[in-house]
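Student: I need the structure of the sequence given here:
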Amino acid sequence: MAIATGKQMRANTLYQENTPKAWVHLDASGTPKIISNFNVSSVTEITGGVLRLSFNRAFASTAYIAIGMSGGAAGKGYTPHEDISGEKDTSNYPLRIIDSDGVVTAAATNYVVFWGPQ
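Tutor: Below is the predicted model:
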């Protein structure tokens, strides 16, 4: 598989192009706070259950992806999603956490990882 730089990628090899560019472990219950992170400078509540994550180093375009998971109360599953009503740009990511009933919620344990060109 060729990549933008023209070099050939070998199987099972880490390259700068295929490593996460940012990640965050955050607590969204009460006032949102970052527990640990790489390249995430802040978390701000935009409105009830919708958060804005800001990056230290911006992405090259909005063609980056986020994958996440959240911990919930017994019997409930929680999933972080891009909030499509928010303003996703190269420096900020709008995030909402949805419970298994489809309700926006504030889960205490959330992990989100970002990939894309910087």
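Student: Beyond the lowest-mean-pLDDT helix or strand in the chain, next helix or strand please.
Tutor: Least confident helix or strand of the chain, by mean pLDDT, DSSP states H and E, is strand 78-82 with a mean of 80. Counting by DSSP states H and E, the element after strand 78-82 in chain order, helix or strand, is strand 92-99.
Student: Provide the strand pairings for that next one, with the direction of each partner.
Tutor: If you go by DSSP bridges, strand 92-99 pairs up with strand 50-55 (antiparallel), strand 78-82 (antiparallel), strand 104-105 (antiparallel).
Student: Using PDB, write down the CA coordinates of the second one.
Tutor: Yep, that's strand 78-82 we're talking about. C-alpha atoms of strand 78-82 as PDB (Å, rounded to 0.1, in the frame of the first residue of the first chain):
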ATOM      1  CA  TYR A  78     -22.500   4.900  27.100                       C
ATOM      2  CA  THR A  79     -20.900   6.000  23.800                       C
ATOM      3  CA  PRO A  80     -19.100   9.200  22.900                       C
ATOM      4  CA  HIS A  81     -20.300  10.700  19.500                       C
ATOM      5  CA  GLU A  82     -19.400  13.700  17.400                       C
END
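Student: thinking again about what came up before, comparing the strands paired with strand 92-99, which comes out most buried?
Tutor: For the strands paired with strand 92-99, the largest average neighbour count (mean count of other CB atoms under 10 Å) is found in strand 50-55, namely a mean of 20. C-beta coordinates here come from the backbone N, C-alpha and C atoms, glycine included.
Student: mind putting the strands paired with strand 92-99 in CSV, distance to Ile67 included?
Tutor: Listed next are these as CSV, based on distance: least, CB to CB, whole Å:
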stretch, distance to Ile67
strand 50-55, 13
strand 78-82, 9
strand 104-105, 19
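Student: what about those, which gets the closest to Phe114?
Tutor: Of all these, it is strand 50-55 that lies closest to Phe114, at 7.8 Å by CB to CB.
Student: Downstream of the closest one, the next helix or strand is which one?
Tutor: strand 65-71.
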